[in-house]
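Asker: how would this look folded up:
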Amino acid sequence: MLYIGIDNGITGWITMMKDNSEVLVHMPMPVKKELSYTKAKQYITRIDGRKLCDLLMNYRHSANICVLERPFVNPGMFKSTLSAIRSLEATLIVLESLMIPYSYIDSREWQSYFLPSGLEKKELKKAAIDIAKREYPSIITKDADSLLMTAYLRLKAEGLLYVRKTDTKKHSKS
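Answerer: Residues are numbered from 1 along each chain as shown. The predicted structure follows:
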């Protein structure tokens with residue numbers, strides 16, 4: 001089986017992992033820069049659907065499931081939201097064309113499993129990289145979100161998630 005984790009967006013990463021935890025792919029999402037569709041002279045960065053399709057094509061028959069991090073949507077941040085939605089749509093078109101099953105995950109779900117509680121938002125990326133270096137020492141990365149997301153998906157699918165001691169206190173009826 002193969003698990004695919006995609007950290008949605010133009011700055012996101014994609015990870016592909018076997019059921020034995022072997023990481024086959026861990027790389028930034030393929031993107032391209034082009035002239036914007038607006039009348040203003042500006043450039044936009046988009047998911048390169050053709051490159052993403054080429055990457056996934058070799059693995060589509062062994063893919064068990066793909067998990068996508070739920071996109072950032074905030075009406076007060078129009079450009080960022082628009083970019084996230086465009087990226088999601090491009091990614092979905094590729095996944096559906098290749099018939100790769102997918103689901104969504106909120107970042108908090110996998111972060112609460114791997115990362116210590118109480119971290120500030122700006123500390124999350126660094127903490128994820130630190131955990132990934134410990135769990136996957138052969139992987140050199142600038143972003144570990146998709147890696148840990150994929151690891152979480154694999155553990156969850158195989159029934160290997162455990163309850164952390166800190167979580168036990170939250171859920172106990174004492």
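
Asker: elements contacting whichever strand or helix holds E89?
Answerer: For E89, the element it lies in under DSSP states H and E is helix 78-97. Helices and strands touching helix 78-97, by 3 or more Cβ pairs under 8 Å, 6 or more residues apart in numbering; DSSP states H and E, are strand 43-47, helix 49-57, strand 63-69. Quick note: C-beta positions are derived from backbone N, CA and C, even for glycine.

Asker: ok, now with 10 Å
Answerer: Helices and strands touching helix 78-97, by 3 or more Cβ pairs under 10 Å, 6 or more residues apart in numbering; DSSP states H and E, are strand 2-6, strand 43-47, helix 49-57, strand 63-69, strand 102-105.

Asker: Please dump the ones you listed into JSON lines; it should also carry mean pLDDT for every row.
Answerer: Shown next, in JSON lines, are these (pLDDT from 0 to 100):
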{"stretch": "strand 2-6", "mean pLDDT": "96"}
{"stretch": "strand 43-47", "mean pLDDT": "93"}
{"stretch": "helix 49-57", "mean pLDDT": "96"}
{"stretch": "strand 63-69", "mean pLDDT": "89"}
{"stretch": "strand 102-105", "mean pLDDT": "96"}
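
Asker: out of these, deepest packed?
Answerer: A comparison of those by mean neighbour count, using mean count of other Cβ atoms under 10 Å, puts strand 2-6 on top with a mean of 26.

Asker: After it, heading C-terminal, what element do we hit next?
Answerer: strand 13-18.

Asker: Now do that next one against strand 2-6: the angle between them, please.
Answerer: If you take axes from the mean of the first three to the mean of the last three Cα atoms, to 10 degrees, strand 13-18 sits at 170 degrees to strand 2-6.

Asker: tell me the contacts of P28?
Answerer: D7, I10, T11, G12, W13, I14, T141, K142, D143, S146 (Cβ atoms under 10 Å, 6 or more residues apart in numbering).

Asker: what's the helix holding E89 in contact with?
Answerer: Helix 78-97 has contacts (Cβ under 10 Å, 6+ apart) with 4, 6, 8-12, 14, 29, 31, 44-57, 60, 63, 66, 68-75, 77, 100-102, 104.

Asker: Reformat the helices and strands packed on helix 78-97 into CSV and put distance to E135 next to each item.
Answerer: Shown next, in CSV, are those (distance: least, Cβ to Cβ, whole Å):
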stretch, distance to E135
strand 2-6, 14
strand 43-47, 27
helix 49-57, 23
strand 63-69, 17
strand 102-105, 18
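
Asker: quick one, which of those is nearest to T150?
Answerer: strand 2-6 (3.2 Å; Cβ to Cβ).

Asker: Show me the strands paired with that closest one, marking each as parallel or antiparallel.
Answerer: Strand pairing for strand 2-6, determined by DSSP bridges: strand 13-18 (antiparallel), strand 63-69 (parallel).
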